[in-house]
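**Student:** I would like the atomic coordinates for the input below:
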Amino acid sequence: MLKKLFGSKEKFFKLNIDGVASPIQISNKESILQAALRDGIKFPHSCRVGGCTMCKCRLVSGDVKQLTETAYVLTKEELQQGYVLACQCMPKSDVHVEVDFDRMDDLPEHKLVTTSATITEKNALTTDIIELVVSTQDVIDFTPGQYAEISIPGKFDEPRAYSFASAGHADPKRLSFFIRAVPNGEVSNWFVSEAAIGDTLQIEAPSGDFHLRDSLAPMICIAGGSGLAPVLAILDEAIKKNVDRDAVMFFGARTEKDLYGLSRIEEIKQKWKGDFDFIPVLSEEAEDSSWQGKRGFVTEVFKEYCTPEQQIYMCGPPPMIDSAIEIAKGTGVEEKEIFFDKFLDRSAVTSKS
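**Tutor:** Numbers count the residues shown, from 1 in each chain. Just a heads-up that it's a prediction; the model follows:
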């Protein structure tokens with residue numbers, strides 16, 4: 001299977017992971033994390049672009065090619081102890097790593113699947129955000145809140161991460177994603193401007209640890225831009241599970257025309273068993289417009305509602321996430337009750353190529 005996937009020039013080695021009974025086969029064209037997830041191992045991870053450090057592990061033996069400069073994200077002590085990022089290391093020999101499996105108690109259990117997909121729908125949501133709907137060759141089991149790595153064979157071979165935008169459809173091979181055209185983002189702009197019905201993609205999924213946790217605590221959800229996708233998926237999942245918790249959902253956008261998904265949010269509100277408040281916040285809406293809602297940065301408004309007993313879910317750009325985390329902790333929310341998916345750009349990670 002691996003030879004068919006990567007071609008005949010690759011080499012194969014053994015990957016030994018402390019706590020896993022038998023070594024697994026790993027190709028020199030895949031990362032330690034990819035190999036582990038493909039084999040069904042619950043390896044801790046989140047962003048998969050070398051920014052979150054959740055997949056850090058200690059290299060006990062072996063030689064690896066590191067795709068990014070880890071000195072930016074790992075401490076001096078960790079580097080001295082031989083820690084590497086599993087998502088950014090490809091083997092050059094047999095490899096043995098040591099992993100802290102205690103960090104993955106809440107990680108969803110799904111086997112990593114690599115499959116082809118065909119674009120079946122492309123719906124404009126705003127001037128720079130689309131909903132992309134695809135039909136996959138194989139079924140991908142995932143937990144709402146997780147994401148997929150998507151590439152365009154022969155055009156953009158380096159994958160980009162996009163969150164699933166729903167808790168699943170009646171057709172298990174139908175998947176949807178929200179994609180925003182990022183300034184200078186070659187792939188995202190291609191999706192928004194050039195991708196067409198019938199185009200073929202490659203999807204590797206699922207990844208990430210952002211998902212609904214069992215709790216009775218009131219929920220606060222914060223979404224920014226295309227970060228609305230996993231937040232809606234998590235709320236859909238809560239409805240499916242008959243969750244009876246009060247919830248407040250904040251949606252940060254620039255102007256009123258950048259708000260989308262409002263009918264779906266209203267549907268969630270109608271189906272929600274507890275109290276559900278929706279608060280859109282606009283940061284750049286013209287002062288003389290007819291907008292009567294909240295203005296400013298979404299985190300500024302969030303601060304007015306944050307209390308120690310809440311459980312927080314959020315997805316969006318790093319500045320929004322970092323600010324909200326600081327506010328939540330300052331309000332008394334325990335760190336273990338704060339869950340997020342930070343949209344990290346691969347270009348922000350220094351490459352060693």
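
**Student:** residues in contact with the residue positioned nearest the centre of the chain?
**Tutor:** In the chain, the residue lying closest to the centroid (CA atoms, centre = their mean) is residue 147, at 4.5 Å. Residue 147 is in contact with 161-164, 205-208, 210, 230, 341, counting by CB atoms under 8 Å, 6 or more residues apart in numbering. C-betas here are computed from N, CA, C, even on glycine.

**Student:** Weed out the non-buried ones from those residues.
**Tutor:** Buried subset of those (neighbour count, 16 or more other CB atoms under 10 Å): 161-164, 205-208, 210, 230, 341.

**Student:** can you list these in a markdown table and add distance to residue 313, secondary structure and pLDDT?
**Tutor:** Shown next, in a markdown table, are these (distance: CB to CB, whole Å; DSSP: H, G, I helix; E, B strand; the rest coil; pLDDT from 0 to 100):
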| residue | distance to residue 313 | secondary structure | pLDDT |
| --- | --- | --- | --- |
| 161 | 18 | strand | 91 |
| 162 | 18 | strand | 94 |
| 163 | 12 | strand | 95 |
| 164 | 15 | strand | 97 |
| 205 | 20 | strand | 92 |
| 206 | 17 | strand | 90 |
| 207 | 17 | strand | 86 |
| 208 | 13 | coil | 85 |
| 210 | 8 | coil | 91 |
| 230 | 8 | helix | 96 |
| 341 | 9 | strand | 89 |
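
**Student:** The most far-flung residue of the chain relative to its centre and residue 335: what is the separation?
**Tutor:** In the chain, counting by CA atoms, centre = their mean, residue 288 sits farthest out from the average C-alpha position, at 36.8 Å. As defined by CB to CB, to the nearest Å, residue 288 lies at a distance of 42 Å from residue 335.

**Student:** What strand or helix carries the closest residue to residue 223 other than its chain neighbours?
**Tutor:** In space, and not counting its chain neighbours, residue 223 is closest to residue 231: 4.3 Å by CB to CB, 6 or more residues apart in numbering. Using DSSP states H and E, residue 231 sits within helix 228-240.

**Student:** Partner strands of whatever helix or strand comes next after that helix and their direction?
**Tutor:** Using DSSP H and E, the helix or strand that directly follows helix 228-240 along the chain is strand 247-253. Strand pairing for strand 247-253, determined by DSSP bridges: strand 219-224 (parallel), strand 276-282 (parallel).

**Student:** got the contact list for the last one?
**Tutor:** The contact list for strand 276-282 (CB under 8 Å, 6+ apart) reads 246-256, 258-259, 265-266, 268-269, 291, 293-298, 300-301, 305.

**Student:** Would you map out the domains in the protein?
**Tutor:** 2-104, 113-207, 219-342 (automatic domain parsing).

**Student:** what about the helices in the chain?
**Tutor:** Ranges of helices in the chain, per DSSP state H, are 2-6, 32-38, 76-80, 186-193, 228-240, 262-271, 298-305, 318-331.

**Student:** what would those look like in JSON lines with distance to residue 45?
**Tutor:** Converted to JSON lines, these look like this (distance: least, CB to CB, whole Å):
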{"stretch": "helix 2-6", "distance to residue 45": "20"}
{"stretch": "helix 32-38", "distance to residue 45": "6"}
{"stretch": "helix 76-80", "distance to residue 45": "17"}
{"stretch": "helix 186-193", "distance to residue 45": "21"}
{"stretch": "helix 228-240", "distance to residue 45": "16"}
{"stretch": "helix 262-271", "distance to residue 45": "28"}
{"stretch": "helix 298-305", "distance to residue 45": "26"}
{"stretch": "helix 318-331", "distance to residue 45": "17"}
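
**Student:** Give me the neighbour count for the closest residue in space to residue 253 that isn't next to it in sequence.
**Tutor:** Distances taken as CB to CB, 6+ apart place residue 259 nearest to residue 253, at 5.2 Å, with adjacent residues excluded. Using other CB atoms under 10 Å, residue 259 has 20 other residues around it.

**Student:** just the one 3 residues further on next, same as before
**Tutor:** Residue crowding around residue 262 was assessed by other CB under 10 Å; the count is 11.

**Student:** quick one: it from residue 309, how far?
**Tutor:** Distance from residue 262 to residue 309, by CB to CB: 29 Å.

**Student:** again, but for residue 144
**Tutor:** 24 Å.

**Student:** quick one, which of the two is more surrounded?
**Tutor:** Shown here are residue 144 and residue 309; by other CB under 10 Å, residue 144 has more neighbours (26 against 11).

**Student:** Quick check: closest non-adjacent residue to residue 111.
**Tutor:** residue 40 (4.6 Å).

**Student:** wait, doesn't that neighbour sit right on residue 141?
**Tutor:** No. Using CB atoms under 8 Å, residue 40 makes no contact with residue 141, being 11.2 Å away.

**Student:** what's the overlap in contacts for these two?
**Tutor:** Common neighbours of residue 40 and residue 141 (CB under 8 Å, 6+ apart) are residue 111.

**Student:** Quick check on residue 41: phi, psi?
**Tutor:** Dihedral pair for residue 41: phi -90, psi 130, per degrees, to the nearest 10.

**Student:** again, but for residue 31
**Tutor:** According to degrees, to the nearest 10, residue 31 has phi -80, psi 160.

**Student:** quick one on the thing from earlier: any idea which of the buried ones among the contacts of residue 147 is closest to residue 197?
**Tutor:** If you rank these by distance to residue 197 using CB to CB, residue 162 comes first, at 17.8 Å.

**Student:** Contacts only, for that closest one.
**Tutor:** 132, 147-148, 150, 177-179, 229.
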